[in-house]
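In: Got a predicted model here, sequence first, then my questions.
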Amino acid sequence: MAVVEGPLSKWTNVMKGWQYRWFVLDEAAGLLSYFTSKEKMMRGTRRGCVRLVGAVIGIDDEDDSTFTITVDQKTFHFQARDAEEREKWVNALEITIMRHSTSSKRVEPRGTVTAADFDRKLAETDSYLQIMLEQVQALETRIEACEDLAAKEKYNVIKVTAEAMIEAIKHSIVMLQISKESLNGPVMNGSVHEAILTSGADFNHFGGTGKSRRPTELHVPDVVMVTPPFLDTPASVDGDPSTSVSPVSPRVPETSYSSSEEEDFFDAEEFKNAPHSPLRQHGSALENPVKSKEEEETEASTEGSEGICQQVITAEDDYYDELYDEQDKEDLGSLEKHGSIIAHLLSQVRIGMDLTKVVLPTFILERRSLLEMYADFFAHPDLFVRIVDMKTPQDRMIQLVRWYLSAFHAARNSDIAKKAYNPILGETFVCHWKIPGMDDSGEKAVDGPCEEATRENLSFVAEQVSHHPPISAFYAEHQTKRITLDGYIWTKSKFLGLSIGVHMIGQGVVSVIDHDEEYVITFPNGYGRSILTTPWVEMGGKVSMSCAKTGYNATVTFHTKPFYGGKKHRVTSEIFAPNEKKPIVTIDGEWNGVMYAKYATGMNEVFVDTKKMPVVKKLVKPREKQAEFESRRLWQEVTHNLKINEVDKATDHKQRLEQRQREEARDRKERGVAWETKNFHEVGEHWVYDRPLQKRLRNPSPVSSGSHTPSS
């Protein structure tokens, strides 16, 4: 029997801090027990335990020593001595969880199950679903007409129970469909795929009660339940220190517990905000209080406060694209309704695994390409070009930070946690902005990245220059103000257990040509949190901005939300003069809200207010005029079907694009031909635009040659 033991710190709610505990992991029993000391462990005085059946491990990429275990509707927080110690525990816990994710008994087959059997059961289940939906609708009508508050409350309890049954029926339909399709292979997005990493997907990876929910024809290995040494002596059970286990009792507690439930800190907020689901409900619906309509409306208004409708400035000659200009505000809701698909994915990944090659379900996709999302860095183009107007190097650095801090909220103007399309190799996105308050001469920008733009517009082009690793390069310029940004980002996704981290590796170089200044900027990481319940997005990490010529520099720290207290989306920044250690400006606030600046001179001001600043809409030519590999035309079928909620059709079109990319890569490999980019080239470890404004000013094109436009 494999047993791992050693010291860890555990967060307790009574002390509001970390306390030393001695932990023992019994892989055979699937149990993590903890004691106040090693001596207490030897005497069998257990303080508490965490069941690992159906548990999920989580780590925070911004902290290399802490990790969490989520099980039985609770999240336990632990701290190791260092990253190496954490890795040892996480690996051992993952192995134990995987071992116990299957049933502890071998289920004997009851004959061959055919596709016709599945079809019959699906039809029966669908009929029950329709009956329940009609009954709930009739019940809602009765509740609205009922004037007796006591009777209305009873009806609401019945309604909650019925809705839970509906969710259970829906879940049964999904499981039947998956079991049917599994006759041919693993299922994802409603269609059969080859296994991404493993062939043994576990659809009960989380949310189980320890009982088998697998199809009866599926053979699973036996799990031998061995009594751990410390269960052979008296120990507290179910939170009562006075209760002891019989010396011969091999029983593993039915739920995780502590000697005092008040002692432990759990992430209850995540469960409070997530809808009820059969994946979480272990008891009667009566255990869940019925919210009044007023409470629900209050919660809805509170949760939506971060997604306030943003004022948008549009141009008179703007072209409205019904597929892309209507913002995708459809929330994913709780992913528990997609529990089987999500669990299938989770069964194939490990903590820290690179997710670059893992195919994600189509229903989590945002209706636009990642290249278009990068264009939202310039949702406030007036702040960007205003850098040039500042008279001193100090003011230019302050204005650069002001623009930078305004650059993220437009791409994520709510907590909707969806993922943009992974760009296809060679895909491009081209657009431009009209600057508010700036007169437009109408003179076309010569040799610029956007043929529709004038000299007074800010032009933008992005291209997917590499598929493995996935690298996007982008360039923006304003010819009249003579300012450019040349940048690239390599996105590297990592699985963190309860979260997904996206590292944005790369940099941007802002060139203020008339002052011969270059500002190098880096980018924060992104995180998709609570991926098993209701996902939400946050930014994290420390980035830098510096100008080698002037010596001015700045740091910006995107703070991830602490597990205890704290606010979401907090950001701080400090701006430094050359060779100075004390900042001349400190900034604090929320990157998708209001940020305040305090100057060394004593002056205070609202630095950026994203709630009041109107977003300037980017101008994109109609799809029918775009080249084949321009983003909006390339993804239009996927976008259309996602918009009308035809997920299977969207998946089919997405797979066609990805398959074509694989076939083209295979063909190039067979012919020994390297991929040629269209608008960017590699210089050392960086990607730069082929014809930046600085280069064109030094070597102007002959007037007779006409304007150069980027390849699409």
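Out: Received the coordinates, thanks. Numbering: from 1, shown residues only.

In: can you tell me which residues contact the nearest residue to residue 688 once chain neighbours are set aside?
Out: Nearest-residue entry for residue 688: residue 486, 5.5 Å, with adjacent residues in sequence omitted and distances by CB to CB, 6 or more residues apart in numbering. Where C-beta positions appear, they are placed from N, C-alpha and C, glycine not excepted. For residue 486, the contacting residues are 475, 508, 509, 511, 688, 689, 692, by CB atoms under 8 Å, 6 or more residues apart in numbering.

In: Spell out the secondary structure type for residue 486.
Out: Reduced to three states with DSSP: H, G, I helix; E, B strand; the rest coil, the structure at residue 486 is strand.

In: please begin residue numbering at 419 from this point
Out: Got it, first residue is 419 now, which makes that one residue 904.

In: do you know how far it is from residue 1096?
Out: Using CB to CB, to the nearest Å, one obtains 15 Å as the distance from residue 904 to residue 1096.

In: what about the nearest residue to residue 487 once chain neighbours are set aside, how many residues close to it?
Out: The shortest distance from residue 487 to any non-neighbouring residue, by CB to CB, 6+ apart, is to residue 494 (4.8 Å). Number of residues near residue 494 (other CB atoms under 10 Å) recorded here: 23.

In: Residue 494 belongs to a strand?
Out: Yes - under three-state DSSP, residue 494 falls within a strand.

In: I figured it was touching residue 467, is that so?
Out: No - with contact defined as CB atoms under 8 Å, residue 494 does not reach residue 467; the gap is 10.2 Å.

In: ok so, going back, which of the contacts of residue 904 tops the neighbour count?
Out: Counting neighbours by other CB under 10 Å, residue 893 comes out on top of the contacts of residue 904 with 27 neighbours.

In: Provide the strand pairings for the helix or strand encompassing it, with the direction of each partner.
Out: In this structure, residue 893 sits in strand 889-896 according to DSSP states H and E. Strand 889-896 has its sheet partners listed here by DSSP bridges as strand 875-884 (antiparallel), strand 901-913 (antiparallel).

In: Make TSV out of those and add distance to residue 1033 and mean pLDDT.
Out: Shown next, in TSV, are the strands paired with strand 889-896 (distance: least, CB to CB, whole Å; pLDDT from 0 to 100):
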stretch	distance to residue 1033	mean pLDDT
strand 875-884	14	96
strand 901-913	18	90
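
In: Can you get me a residue count around residue 1091?
Out: For residue 1091, which is what you asked about, the neighbour count (other CB under 10 Å) is 9.

In: That one and residue 1082: what is the separation?
Out: Distance, residue 1091 to residue 1082, by CB to CB: 10 Å.

In: Residue 467 now?
Out: Residue 467 sits 54 Å away from residue 1082, going by CB to CB.

In: Residue 429 now?
Out: Where residue 1082 is concerned, residue 429 sits at a distance of 51 Å (CB to CB).

In: For those two, work out which one has more neighbours and name it.
Out: Set side by side, residue 429 and residue 1082 give different neighbour counts by other CB under 10 Å, the larger being at residue 429 (22 against 14).

In: wait, doesn't residue 993 sit right on residue 1001?
Out: Yes - using CB under 8 Å, residue 993 is in contact with residue 1001, at 5.8 Å.

In: between the two, which one's more packed in?
Out: Here residue 993 and residue 1001 are set side by side on neighbour count (other CB under 10 Å), and the busier one is residue 993, at 24 against 17.

In: Quick one: residues contacting the more buried one.
Out: If a contact means CB under 8 Å, 6+ apart, then residue 993 has 815, 816, 819, 970, 971, 972, 1001, 1002, 1003, 1004, 1005 as its contacts.
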